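**Student:** here are the coordinates; sequence isn't available:
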């Protein structure tokens, strides 16, 4: 919502000099109307003054430029060189002087054009950031000047180069010379000489000067423009309908910015959706009045309605959907005279960020800006049967809206219809079939209240959010329709835009529903932590338009958002000042904060991962169904049973992941494609699994992922081991996993704590790597966070440090190649007995000296007793037991 | 004899002084002072001396012994010192060569910031709670006083799993307020960080998945005054002591009164600059008093208990903290990005 400070002053006395933008914005923002931006419009146009043309001469070195002297009110005329053809002696024109600034940001400086000094530039409408709608009557017409003729083909000119006045151009068109030009009643009176004839003619062309040779159509009595000669623009390059803006009713020296209403400051507000009442001048003025403790000056519209008849005899309004249309108020205007609206109205509309069109349309927009009530004007002669039906669209109905687009309507869309067809989409946009045009004679003003949700859905479905619909969708005050239509009719009379017909049609089936709230000052103070007096509260509420009757607060109709004492508390707090509420802890803190054991476990896992050198990643919870194919998940895999988003942004984010692996692979691939030499990553993320009640189980997975020159299976396994050991998980076991389609069948393992499955890790299957188009090896692990948390060790209990030294013995055995070393270690631990402290593999060897199908495995055993120093005999006994165990179980023999 | 001793003194001291290594020095010691050394052989001739000369010579001989011993000791120290010096010189390394660094992993920058926030709130007696992302519309909207027909419930804004709009991806962490009120004993002090989802196309400031931190306090006698005091403290912890804040009215359906909290722009000190878009203030979070209707809906008597709640976006906070210019970097997980923090 853009607010004009000049317009605001009509309602609240807040002069700019006293309440500058900063002060105004700060105070409004902290009272609840957030200011986004303030703009001093006069900054858009600087140092552009009105000038009266004193003299005009052809530029000695140019065939199309003029040298002008202008009075700019200083007593010292300025000299300007211009290429514009529509300027005449006596005209008032905008002069951009040295140092001037134009709305497009351009700065104008004095200079010279073809050797002649120019102290600035004359401005066109466009250069001042305006269109013809902003300045009615500023349209420019251009005659084809024969001296400006440039043939399309030089060898075949359509006009002889030496054409003279009196020569025939074609048929009834003759060359004629301009002898004099004078302004007369908004047109030009031109003296022409055409051969021996001398005649005085009237022309609308603005670019005529004495001595010009023009084409004169004897039959049509018209000085020819481009289209009259069937000529192309390039044949008359200077015959353009753009030119300098000719001003009226202004003194030389007047500031153009002020003249265009730019001596204003505009404040852009961001209004929260609960306050549609603030989307207009009156609403914001009310807030401003309370904020600055000023009087709010409101005006009650008065309509004379001098036209004969009564609207009830002419029109009928049938609201078929009273839920979607709570109120429909209409008035009628006869003998409409479409014209531009006056400058003050155009300025206000423009400064509020809208475009002036014509008096009738401008009135509806003006009322919307002033009252916040969207209005529509129908050409009543186009309303078949004189009946307005507010109903839902019927199957197959469509309408061409005012923007010229044909739109098919669905049966949930509320429409304004005549007896046959829709003439408007309710609350969104009118139809072209009932549009106000130049010869519209009879107008029906609609001021209605529509259901916000319905309007929003219709506008969204049609893809046309308009100024009207964006107000309606927030839910407007039905009490406002009557005031608004009255104001529109008052403006019609004020502008002389037509005659208002007596009577009002006002369909308001449910009538006003007043909200009352109990005033409970102690509750309000308890909520705020303040000690505001009841009188002060009542004062604030009353200034906002509430009425207080004993302890009952009557909520004004425009405040649909207030229905509870906490809402009153906010109103009181806003104007007491949020920043005046004391900053104070009112109670002793009786809770004990901290991480839960589960959160502590998750933090520990993160710490260990980082100390292993892994970087943390965060990936999207939703993935593409195609990701399951990329990891070669079988078609019947349960993991494919994902929660599916019915309205996803795209296929890529359409299902909730049931496995975290594709997310990890995607990030590894991305880093690989970015040519990062190595990546070590981890994520603790959720997966989502369908539950019978439609919701999801959302367990967390610890995912590790890496590639790089240093990576292999055992680096990854080491990470898993360190991680589990750091959590104190007991009895960690590994088992080869050959059946998981996305892992290398020979380099994948499941990890257990005792019999509890914790997760799977390994090298990613080469076929999956192929799907990702990566020529490298990825290593990943997926471990269940919940299981790791459940199986993490107890708080460690101290064990006394050893008093006696350890003894080590190395053994080397030969066994079948396929015997898992892990099982050999298990056997050694078992047969080694209580003194065997540790067992490490330090060599596995095949090849020379070792028979085919066999391998040599070397272990280092360390032994220790807590109560004595172990002797050699002890050690030999243990080694013998270990060797015997290995022989019995695996047939392993000492090397 | 006296002359012999004088001569021994001269030659031995000279030889000791000229010795270049500990081995030579040791052989000199044996040569002069050993059992078969030169001093011993001189002393053997003592028998030939008169009784009155003997003690005199004995004294001289003892003096000479200790003089040679001292000299050897002195030289030994000198030699070992210079030897050490030479050794150290040989062992000298180029200390400007790079060290051998262990590769440490990095926490994701956004979680760095989140952990900072968690610490602040834990210090104020808050617990951290976690809840479902696949959520009932009832919790995400209805119980938060967001009626049917509210724009945020549209399928253009929210991701749904069921045709009847009953199950969705939570669009905010606020349903955690309801979960906490329904399940936790009073009083409650909690924050609930987590993932939330909205139908926004990915660009430099939007992502269909992002993170919020919800916070809520329910206790007897809790007021807006508390809200301000607590959040001021939190903001001071995040942005530094002396950070100037302001509260301004705002609208959230589930809090009343509602507010937004701004901090004064640290760059321009409130004068207005590009960082604060000329406003002088930067919005940091939304908050308010838990709507009494929401309390009552969760079975808490609003006449006995009151509460306040806040919500803040984590991505924006992290982007501000580390001056990250594009939200996409956060979810791209390029290690060259991750390892900067």
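**Tutor:** Perfect, thanks for sending it. It should be emphasised that the depicted structure is a prediction, and the values quoted were computed from it without experimental measurement.

**Student:** three-state assignment of the closest residue to chain B within the stretch 1-150 of chain A?
**Tutor:** Using C-beta to the nearest C-beta, the closest approach of the stretch 1-150 of chain A to chain B is made by residue A:32 at 3.5 Å. (Each C-beta comes from the backbone N, C-alpha and C, glycine too.) Secondary structure, DSSP: H, G, I helix; E, B strand; the rest coil: residue A:32 is coil.

**Student:** count the residues that sit near the residue in the stretch 701-850 of chain A positioned nearest to chain B.
**Tutor:** As assessed by C-beta to the nearest C-beta, chain B sits closest to residue A:710 within the stretch 701-850 of chain A, at 9.5 Å. Neighbourhood size, residue A:710 [other C-beta atoms under 10 Å in any protein chain shown]: 11.

**Student:** who are the contact partners of it?
**Tutor:** Counting by C-beta atoms under 8 Å, 6 or more residues apart in numbering or on different chains, residue A:710 touches residue A:678.

**Student:** please report how far it lies from residue A:777.
**Tutor:** As for residue A:710, its distance to residue A:777 is 11 Å (criterion: C-beta to C-beta, to the nearest Å).

**Student:** likewise residue A:394?
**Tutor:** On the measure of C-beta to C-beta, residue A:394 and residue A:777 end up 65 Å apart.

**Student:** for those two, indicate the residue with more neighbours.
**Tutor:** Counted by other C-beta under 10 Å, residue A:394 and residue A:777 do not tie: residue A:777 has more neighbours, with 17 against 12.

**Student:** the more buried one: what secondary structure?
**Tutor:** With three-state DSSP as the criterion, residue A:777 reads coil.

**Student:** is stretch A:633-641 in proximity to chain B?
**Tutor:** No: using C-beta under 8 Å from any C-beta of the partner chain, stretch A:633-641 stays clear of chain B, with a minimum separation of 13.2 Å.

**Student:** may I have the distance across that stretch, first residue to last?
**Tutor:** 12 Å (C-alpha to C-alpha, to the nearest Å).

**Student:** list the buried residues for it?
**Tutor:** Using 16 or more other C-beta atoms under 10 Å in any protein chain shown as the test for burial, stretch A:633-641 gives residue A:633.

**Student:** stretch A:747-762 now?
**Tutor:** Those would be A:747, A:748, A:749, A:750, A:751, A:752, A:753, A:758, A:759, A:760, A:761, A:762, for stretch A:747-762 by 16+ other C-beta under 10 Å.

**Student:** and the residue of the stretch 251-400 of chain A nearest chain B?
**Tutor:** residue A:272 (3.8 Å).

**Student:** how about chain A: which residue is closest to chain B?
**Tutor:** For chain A, C-beta to the nearest C-beta, closest residue to chain B: residue A:529, 2.7 Å.

**Student:** isn't that residue right next to residue A:580, touching?
**Tutor:** No: in this structure residue A:529 lies outside contact range of residue A:580 using C-beta atoms under 8 Å: 11.2 Å.

**Student:** so which of the two has more stuff around it?
**Tutor:** Set side by side, residue A:529 and residue A:580 show more neighbours around residue A:529, with 23 against 11, by other C-beta under 10 Å.

**Student:** so residue A:458 sits against residue A:426, correct?
**Tutor:** Yes: taking C-beta under 8 Å as the definition, residue A:458 is a contact partner of residue A:426 at 7.5 Å.

**Student:** please identify the residues of the stretch 601-750 of chain A in proximity to chain B?
**Tutor:** Within reach of chain B by C-beta under 8 Å from any C-beta, the stretch 601-750 of chain A has these residues: A:606, A:609-622, A:643-649, A:653, A:656, A:667, A:670-671, A:674, A:676, A:679-682, A:686, A:688, A:694-696, A:698.

**Student:** what sits against residue 263?
**Tutor:** Unless you meant another one, I'm taking chain A. Residues near residue A:263 by C-beta under 8 Å, 6+ apart: A:6, A:41, A:42, A:255, A:257.

**Student:** oops, I was thinking of chain B
**Tutor:** Residue B:263 makes contact with B:235, B:239, B:243, B:244, B:245, B:281, B:282, B:284 under the criterion C-beta under 8 Å, 6+ apart.

**Student:** list phi and psi for the fifth one.
**Tutor:** Listed backbone geometry of residue B:245 is phi -120, psi 160, with angles given as degrees, to the nearest 10.

**Student:** what's the neighbour count on it?
**Tutor:** 18.

**Student:** pretty sure it sits against residue B:233.
**Tutor:** No: with contacts counted by C-beta under 8 Å, residue B:245 stays clear of residue B:233, the gap being 10.3 Å.

**Student:** name the element the closest residue to residue B:187 other than its chain neighbours belongs to?
**Tutor:** Once flanking residues are discounted, residue B:187 sits nearest to residue B:219: 3.8 Å by C-beta to C-beta, 6 or more residues apart in numbering or on different chains. Using DSSP states H and E, residue B:219 sits in strand B:209-220.

**Student:** can you list the domains in chain A?
**Tutor:** A:2-43+A:260-291, A:46-136+A:247-259, A:146-235, A:307-507, A:515-580, A:597-791, A:807-894 (automatic domain parsing).

**Student:** same question but for chain B, I mixed them up
**Tutor:** Here the domain parsing of chain B from automatic domain parsing is B:2-91, B:109-338.
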